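S.K.: build the 3D model from these lines:
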Amino acid sequence: MRIAVPIETAAGENRVALTPEVVKKLVAQGHSVCVQAGAGLRASAPDEAYVAAGATIGGIDCLSAADLVLKVRAPGADELALMKPGTALVGMLNPFDRDGLAALAAAGLTSF
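M.R.: Okay, the predicted model is just below:
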C-alpha cells in the first residue's frame with residue numbers, strides 16, 4: 001500500500017500524522033510511505049528521521065499516488081484536488097463540519 005503524509009497546514013497545528021517509529025513498522029510490513037518534505041518539523045521529526053525509517057521524502061504530489069492519506073486535520077481544497085477517487089483518508093476530521101465532509105464525499109474519498 002502507498003501511504004502519504006502531507007504537511008499539516010492548519011494554523012497552530014504542530015502535530016504530524018505519523019512518527020518515524022511508526023513509519024519504520026509500516027515499511028517493515030511492505031508498505032511504501034511518502035512524507036511531504038518538512039511535515040514533521042513542527043513535531044520535532046526532521047526529514048532525515050523519516051528517511052532513516054525507510055520513508056521517501058517528496059512534495060505535495062505524494063498525495064496523487066497514495067492509496068491511504070494520513071492527516072491530523074482535514075485536507076484543504078488543494079490537497080483534495082490531488083487525491084484520486086477511492087483514496088482512504090484517516091485523521092481527526094471534524095465530524096461536525098458538514099461542508100468539509102461534503103467536500104470529501106464529492107472528491108470520492110473514504111474518510112475514517
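S.K.: from Ile57, how far out is the nearest residue to Leu41 once chain neighbours are set aside?
M.R.: Leaving aside its sequence neighbours, Leu41 sits nearest to Asp47 (Cβ to Cβ, 6 or more residues apart in numbering; 7.9 Å). Bear in mind the C-beta positions are built from the backbone N, C-alpha and C, glycine included. Distance, Asp47 to Ile57, using Cβ to Cβ, to the nearest Å: 5 Å.
S.K.: related to what we said a few turns ago, next up, phi/psi of the residue nearest to Leu41, please.
M.R.: phi -50, psi -40 (degrees, to the nearest 10).
S.K.: show me where the chain has strands.
M.R.: Secondary structure of the chain, counting by DSSP state E: strands at 2-5, 32-36, 56-58, 68-70, 88-90, 110-111.
S.K.: JSON lines for these, including mean neighbour count and distance to Leu82?
M.R.: Shown next, in JSON lines, are the strands of the chain (neighbours: other Cβ atoms under 10 Å; distance: least, Cβ to Cβ, whole Å):
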{"stretch": "strand 2-5", "mean neighbour count": "24", "distance to Leu82": "9"}
{"stretch": "strand 32-36", "mean neighbour count": "23", "distance to Leu82": "11"}
{"stretch": "strand 56-58", "mean neighbour count": "15", "distance to Leu82": "12"}
{"stretch": "strand 68-70", "mean neighbour count": "21", "distance to Leu82": "9"}
{"stretch": "strand 88-90", "mean neighbour count": "18", "distance to Leu82": "12"}
{"stretch": "strand 110-111", "mean neighbour count": "16", "distance to Leu82": "16"}
